[in-house]
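Asks: I'd like to go over a predicted model; first the sequence, then the structure.
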Number of protein chains: 2
Amino acid sequence: MANPKEPEIITDKNQMREWSRSMRAQGKTIGLVPTMGYLHQGHISLIKEAHKHTHLIVVSIYINPGQFSPSEDLSTYPSDFQGDIDKLLAIPGGVDVVFHPYNLYDYGNINGVEPIEGTSGSCVEERQLGHETWIRVEKLERGMCGKSRPIFFRGVATIVTKLFNIVDPDVAVFGKKDYQQWRIIRRMVRDLDFAITVIGSEIVRDADGLAMSSRNVHLSPEEREKALSISRSLSRVKLNAQNGQISCKELRNSVTQEILEAGGKIDYAEVN
Amino acid sequence: MANPKEPEIITDKNQMREWSRSMRAQGKTIGLVPTMGYLHQGHISLIKEAHKHTHLIVVSIYINPGQFSPSEDLSTYPSDFQGDIDKLLAIPGGVDVVFHPYNLYDYGNINGVEPIEGTSGSCVEERQLGHETWIRVEKLERGMCGKSRPIFFRGVATIVTKLFNIVDPDVAVFGKKDYQQWRIIRRMVRDLDFAITVIGSEIVRDADGLAMSSRNVHLSPEEREKALSISRSLSRVKLNAQNGQISCKELRNSVTQEILEAGGKIDYAEVN
């Protein structure tokens, strides 16, 4: 491809803020695509969507410790920064900035506080950096993924707010693969009066039907085969529902049965 | 006074946002002084402080239902909008905008949700408006005033964030009379990366020593006399500490004793 656009790589939040401010002063609009890196076609589709709405595109790459509990996979979350940059270069129109901060919860340890006793914190509390402000979307964060990951959406809502305040975008794009997250971000933007339009982008799947996800790299061929039971069963009950099968309970049972038979372990399945 | 500056009165949040955006585009900086109205000399001092830092001043007047529990005094909180405007006219330099929204938690009831069972909510949940996003400054909100008012700081942090997102100020001024609140706002601004400088302004007292507060209007002469034991005892132990009395316990006991003897009821007294 001729002349791919080299993104500016910014690691400092004040520099990021200055960039946005100067672009705004020139009348430019800014789209933000927040990611944790290890980019795949799902992320690329978010960036392409963002291109439809704003003059400039910022992609953030930041593995957010605030959404991992100490028992989860923060240390093994995949990353490949140079590979990510190469993928961004290949997108038509490219991206303008890659915001890649080192630690958004480190304030120089001036006001270090210990974790609150008797509560379950994230990897941020574990590191005792003094960060203690968290956003809760109190109804939507309950249930579904929130049941097995009680501090997950707190961490997501908080880092998204931080990124919004640093990047100051007009538009932000999120994937509907993480459907509960997408709903939570939209609710938060409404409830906190952010002047930001949140756009949801459809799931991108691999040829075999599996929804693209950075963590898929950890799947062995056997695990991947098992995982296909998720998309397969969901597609099937979608078709069943379209053909008139209206019992949510039966549709749900049909999903759980197929996944369990494939050897999967189910946190939840909901059909509403 | 000749030519007092008439503030523009804005009630609509989108109109408020547009005003800020157009002023920024002209290179103006904006100071915000959030109030619940019924203005007194304490508020006036915050506005005078704000004038030192920015070209333009926005005063918000909004009695925030999100910081009142249903058992508290939302319905009897004093208000006098025209009197407030008159006081603002008398300030040298005046103010540019009075932001006076009707209900910042009403989103047209599109997404109405019920209060969560078994939790103590504010007057916002009681009204079932669907707002469900709340900001918690998890350590600082505990203790002191937070003990007797468990949802108070959640409501304050949340409304301040909403006002920040609507008004988009460069500087915001808060009174140190509400010391825990001031600390919480500063921590929140740091933790959520707001590009806003928070300034704390000193307590303003009436001639008799009582800290100015809108709710003082509710005090009978006898109650006011009792209330003076608070400032009197605090001034005394401040002097004692300056003179070398270093036992926090003794200093605290001396405060509580004087207030109790005056007939007061103490939620907490802390000397650190």
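Replies: Nice, thanks for sending it over.

Asks: check contacts around A:Leu228.
Replies: A:Leu228 makes contact with A:Asp208, A:Gly209, A:Leu210, A:Ala262 under the criterion C-beta atoms under 8 Å, 6 or more residues apart in numbering or on different chains. (Each C-beta comes from the backbone N, C-alpha and C, glycine too.)

Asks: give me that answer again for 7 Å
Replies: A:Asp208, A:Gly209, A:Leu210 (C-beta atoms under 7 Å, 6 or more residues apart in numbering or on different chains).

Asks: Would you format these as CSV with pLDDT and neighbour count included?
Replies: Formatted as CSV, the contacts of A:Leu228 follow (pLDDT from 0 to 100; neighbours: other C-beta atoms under 10 Å in any protein chain shown):
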residue, pLDDT, neighbour count
A:Asp208, 94, 11
A:Gly209, 95, 14
A:Leu210, 96, 17
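
Asks: Closest one to B:Ser75 out of those residues, please.
Replies: A:Leu210 (56.0 Å; C-beta to C-beta).

Asks: Let me see the contact set for A:Ile63.
Replies: So A:Ile63 contacts A:Met36, A:Gly37, A:Leu74, A:Tyr77, A:Ser79 (C-beta under 7 Å, 6+ apart).

Asks: Also A:Val217?
Replies: With the criterion set at C-beta under 7 Å, 6+ apart, A:Val217 makes contact with A:Pro78.

Asks: Wait, a helix at it?
Replies: Yes - counting by DSSP: H, G, I helix; E, B strand; the rest coil, one finds A:Val217 located in a helix.

Asks: could you check whether the helix or strand bottoming out on mean pLDDT in chain A is close to chain B?
Replies: Using mean pLDDT, DSSP states H and E, the weakest-scoring helix or strand in chain A turns out to be helix A:123-126, at a mean of 90. No - shown here: helix A:123-126 not in contact with chain B (C-beta under 7 Å from any C-beta of the partner chain), separated by at least 9.0 Å.

Asks: can you check stretch A:139-152 too?
Replies: Yes - shown here: stretch A:139-152 in contact with chain B (C-beta under 7 Å from any C-beta) through A:Lys139, A:Leu140.

Asks: mean confidence score for that stretch?
Replies: The pLDDT scores in stretch A:139-152 average 93.

Asks: Show residues contacting it.
Replies: Residues contacting stretch A:139-152 (C-beta under 7 Å, 6+ apart): A:67, A:69, A:120-122, A:153-154, A:180, A:183-184, A:187, A:267-268, A:270, B:113, B:116, B:132.

Asks: Quick check: ChimeraX command selecting the buried ones in the residues you listed.
Replies: To isolate the buried ones among the contacts of stretch A:139-152 in ChimeraX, judged by 16 or more other C-beta atoms under 10 Å in any protein chain shown, type:
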select /A:67,69,121,122,153,154,180,183,184,187 /B:132
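
Asks: Buried residues of stretch A:22-33, list them for me.
Replies: A:Met23, A:Arg24, A:Ile30, A:Gly31, A:Leu32, A:Val33.

Asks: how far does that stretch stretch from start to finish?
Replies: 19 Å (C-alpha to C-alpha, to the nearest Å).

Asks: contacting residues for the residue of the stretch 1-150 of chain A found nearest chain B?
Replies: Nearest residue of the stretch 1-150 of chain A to chain B, counting by C-beta to the nearest C-beta: A:Thr133, 3.5 Å away. Residues near A:Thr133 by C-beta under 7 Å, 6+ apart: B:Ile135, B:Val137, B:Arg187, B:Met188, B:Asp191, B:Leu192.

Asks: so what pLDDT did the last one get?
Replies: B:Leu192 is assigned a pLDDT of 98 by the prediction.
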